[in-house]
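Visitor: requesting a structural model of the entry that follows:
(2 chains)
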Amino acid sequence: MDLLPRLRRFARSLTRDAVEADDLCQAVIEKALKHQDRKRPDGRLDGWIFMIARNQWLDLQRRSRRMDGKLVSLDAEGGHELMGGRTTSDDPIAELAIHRAFGALPRDQREAAALVWVEGYSYKEAAGMLSIPIGTLTSRLSRARSWLVAQMEAV
Amino acid sequence: MITETELMAYLDGELPSKRRVEIERAVASDDRLRQLLEDERKVRQRVGLCYDPVLHEEVPQHLMAMFGKREQPAAAAPKGSWSSPWQRRWDFPVALAASLVLGIFMGSYFDNPAGFADPGHQLDGSVALALDTQLSATQTASDPIQIGITFRSQDGQVCRTYQTSDATGLACRAGDSWQLTLFAPNEQGRSGHYGQAGSASVLVMSSVQEMVVDEPMDARQEREARDAGWKIGAH
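Guide: Below is the predicted model of the structure:
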């Protein structure tokens, strides 16, 4: 329960807006409550929850692409397309250049960046959560930072 | 040769201490590197400022209800983690008063009395010995205390940065002893282990940039300063 604020922050960095973020949280909590028995007793709760969140988010991506042709493509190696539209006036984060830039990152870079730069996990922890070698993680992070730095300079 | 990926890893606190020290030396005397580091730091700062406020938002009732709770959870951070924007490991203002730094870090550092220090604390023991005798040019990776850079401060003192496994420090020579000017424990990672010195190093280096006259000493100047007993005016 105490993880909720961090989970919301993580969800917010992955999704377009607060509504989507909280929908994601709801789905994550449902899953986590349902599968409590699957959590390893020695494992850390937050790592487990964040992995569920990331997988839920991936599911959401796939489902959304099928349902709504207007949604931006977020394939792993896809190009960058800034997320537009659907910003509400009471959602300041959606307006920020950095959020739009973050949201334009390809999926694999965005989840790496969210784990390390939003949530503060170490390279080793993040690589473990994504089940990838650390080298793969750092190369994704490196591409993400190049993009973000370039976007920030352009503003 | 310092790559942008390495700078990234440095800011993320992922580099071993010896390489960190090498990067700090390079950054201290290379404007291009310093600018690259600054650009990267700004991106992380913006990311933090963008998303961290979510931590302090009221959690929507329908999410709380899933746990059968009504009361808001305590704000995000588990003990030892850094979640508010300015505490985030790469987000330190360039000029930060030493006493403020020590005040902030004291709270999390009581577990390690060996490293605890007051402002102006006179150093003794192994750290003082290392500061007295060790040269960054000739130290080895196995030295428990790693000397960073040596420089003359605007106050006219000789100062040196150092790193231990637990912390990064900045000490200046006053009279016959070393006085601790800045002391930053390494950040505790999410896994609960100390050792990620990224934030501490960045903090100390930011302060160094404020304090240094001209450039840090090179190997020859460092040796001469030591041989002259760290007295200012040694050339």
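Visitor: if I pick B:F151, what's in contact with it?
Guide: B:A28, B:V158, B:C159, B:R160, B:V208, B:M211, B:V212, B:V213, B:E215, B:P216, B:M217 (C-beta atoms under 8 Å, 6 or more residues apart in numbering or on different chains). For the C-beta atoms, the positions are set from N, CA and C on the backbone; glycine is no exception.
Visitor: and residue 62, what element?
Guide: If you meant another chain, say so; for now it's chain A. helix A:45-67 (DSSP states H and E).
Visitor: not quite, I wanted chain B
Guide: Going by DSSP H and E, B:H62 is part of helix B:61-65.
Visitor: now that helix: average pLDDT?
Guide: For helix B:61-65, mean pLDDT is 89.
Visitor: follow-up on the earlier one: could you list every helix and strand in contact with the helix holding A:R62?
Guide: If you count contacts as 3 or more C-beta pairs under 8 Å, 6 or more residues apart in numbering or on different chains; DSSP states H and E, helix A:45-67 packs onto helix A:4-14, helix A:18-34, helix A:107-113, helix A:123-130.
Visitor: which residues are contacting that helix?
Guide: A:3, A:6-7, A:10-11, A:14-15, A:24-25, A:27-28, A:31-32, A:39-40, A:71, A:73-74, A:107, A:111, A:115, A:119, A:125, A:128-130, B:190.
Visitor: make a ChimeraX selection of the buried ones in the residues you listed.
Guide: Burial among the contacts of helix A:45-67 is assessed by 16 or more other C-beta atoms under 10 Å in any protein chain shown; the matching ChimeraX selection reads:
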select /A:3,6,7,10,11,14,15,24,25,27,28,31,32,74,107,111,115,119,125,129,130 /B:190
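Visitor: which helices and strands sit right next to the host helix or strand of B:L37?
Guide: Assigned by DSSP H and E, B:L37 belongs to helix B:31-51. Packing partners of helix B:31-51 (3+ C-beta pairs under 8 Å, 6+ apart): helix A:4-14, helix A:97-103, helix A:134-154, helix B:4-11, helix B:17-28.
Visitor: the last one vs helix B:4-11, what angle?
Guide: Between the axes of helix B:17-28 and helix B:4-11, defined by axes from the mean of the first three to the mean of the last three C-alpha atoms, to 10 degrees, the angle is 110 degrees.
Visitor: help me confirm that B:G68 is found in a strand?
Guide: No - going by DSSP: H, G, I helix; E, B strand; the rest coil, the assignment for B:G68 is coil, not a strand.
Visitor: who are the packing partners of the helix holding B:H62?
Guide: Helix B:61-65 packs on helix A:4-14, helix A:18-34, going by 3+ C-beta pairs under 8 Å, 6+ apart.
Visitor: apply 7 Å and report the result again.
Guide: helix A:18-34 (3 or more C-beta pairs under 7 Å, 6 or more residues apart in numbering or on different chains; DSSP states H and E).
Visitor: got the CA positions of the helix it packs on in PDB?
Guide: The C-alpha coordinates for helix A:18-34 follow below in PDB (Å, rounded to 0.1, in the frame of the first residue of the first chain):
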ATOM      1  CA  ALA A  18      -3.000  10.700 -15.200                       C
ATOM      2  CA  VAL A  19      -6.200   8.900 -16.200                       C
ATOM      3  CA  GLU A  20      -4.200   6.300 -18.100                       C
ATOM      4  CA  ALA A  21      -1.700   6.100 -15.300                       C
ATOM      5  CA  ASP A  22      -4.300   5.300 -12.600                       C
ATOM      6  CA  ASP A  23      -6.000   2.800 -14.900                       C
ATOM      7  CA  LEU A  24      -2.700   1.100 -15.200                       C
ATOM      8  CA  CYS A  25      -2.300   1.100 -11.400                       C
ATOM      9  CA  GLN A  26      -5.700  -0.300 -10.900                       C
ATOM     10  CA  ALA A  27      -4.900  -3.200 -13.300                       C
ATOM     11  CA  VAL A  28      -1.500  -3.700 -11.500                       C
ATOM     12  CA  ILE A  29      -3.100  -3.800  -8.100                       C
ATOM     13  CA  GLU A  30      -5.700  -6.300  -9.200                       C
ATOM     14  CA  LYS A  31      -3.100  -8.600 -10.600                       C
ATOM     15  CA  ALA A  32      -0.900  -8.200  -7.500                       C
ATOM     16  CA  LEU A  33      -3.700  -9.000  -5.100                       C
ATOM     17  CA  LYS A  34      -4.800 -11.900  -7.100                       C
END
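Visitor: would you map the strands across chain B?
Guide: B:146-152, B:158-163, B:167-174, B:177-185 (DSSP state E).
Visitor: worst-scoring helix or strand of the chain, pLDDT-wise?
Guide: You didn't say which chain, so I picked chain A. Every helix and strand of chain A was ranked by mean pLDDT, DSSP states H and E. The lowest is helix A:92-95, at a mean of 71.
Visitor: sorry, I should have been clearer: chain B.
Guide: Lowest mean confidence among the helices and strands of chain B (mean pLDDT, DSSP H and E): helix B:98-109, at a mean of 37.
Visitor: where in chain B is pLDDT low?
Guide: Scanning chain B for pLDDT under 70 picks out the ranges B:70, B:73-122, B:124, B:185-203, B:206, B:232-235.
Visitor: mind running it again at 50?
Guide: Low-confidence segments of chain B, defined by pLDDT under 50: B:76-119, B:188-197, B:234-235.
Visitor: cool, and chain A?
Guide: Those would be A:69-79, A:81-89, if you go by pLDDT under 50 across chain A.
Visitor: switch to 80 and redo it
Guide: Within chain A, the stretches with pLDDT under 80 are A:1-2, A:36-45, A:63-95, A:153-155.
Visitor: of all the helices and strands packed on helix B:31-51, which lies closest to B:L49?
Guide: Nearest to B:L49 among the helices and strands packed on helix B:31-51 is helix A:97-103; the distance by C-beta to C-beta comes to 8.2 Å.
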